[in-house]
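Asker: Dropping a prediction and its sequence here:
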Amino acid sequence: MFNTVVFPIDSSRESREAAEVVGNIVKKYSSNLYLLSVVEKPDPGQATAAAPEAMTSPEAVKELLNGAKALFAQEGIEAKTVEREGKPAFVICDVADEIGANLIVMGSRGPGLTEEGIPNSVADRVINLSPCPVLIVP
């Protein structure tokens, strides 16, 4: 059913909490797991600083992916890692399409899916643009 699962990760608590759900799904369906992290370049026209969870350096992304890969390996799960640059929601959907993913699993920061947070929510954008089902882990 879920042959290929994409798990977009960042340094947030929500992303770490979603890892358990991802592990359970991958084990149950013997899925291929792709860990994805996106280097987000700051918008030059935007005066506000990036969120602390924003991955703005390739080194931070590589370290995060290697750490997550090691954690899944401890559970007996082999994961492939993908690093990309761009806007997270668009990159997540593009990668899912490129690899023929059957499921995207991602953590939710809670307020992102409320009326106030919807326009700025990566999760909401992924839900609307995804080529496959999306599981949001609260």
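Answerer: Perfect, thanks for sending it. Numbering: from 1, shown residues only.
Asker: where along this protein do the strands fall?
Answerer: Using DSSP state E, the strands of the chain run over 4-8, 32-39, 79-85, 103-107, 134-137.
Asker: With distance to Asp97 and mean pLDDT added, can I get those in TSV?
Answerer: Using the backbone N, CA and C atoms, a C-beta is placed for each residue, glycine as well. Shown next, in TSV, are the strands of the chain (distance: least, C-beta to C-beta, whole Å; pLDDT from 0 to 100):
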stretch	distance to Asp97	mean pLDDT
strand 4-8	10	98
strand 32-39	12	95
strand 79-85	13	96
strand 103-107	10	96
strand 134-137	13	96
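Asker: can you put those in CSV and add distance to Phe72 and mean neighbour count?
Answerer: Shown next, in CSV, are the strands of the chain (distance: least, C-beta to C-beta, whole Å; neighbours: other C-beta atoms under 10 Å):
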stretch, distance to Phe72, mean neighbour count
strand 4-8, 9, 25
strand 32-39, 7, 22
strand 79-85, 5, 16
strand 103-107, 13, 24
strand 134-137, 16, 18
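Asker: Redo those strands as a markdown table? Include distance to Lys69.
Answerer: Output for the strands of the chain, formatted as a markdown table (distance: least, C-beta to C-beta, whole Å):
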| stretch | distance to Lys69 |
| --- | --- |
| strand 4-8 | 11 |
| strand 32-39 | 6 |
| strand 79-85 | 5 |
| strand 103-107 | 16 |
| strand 134-137 | 19 |
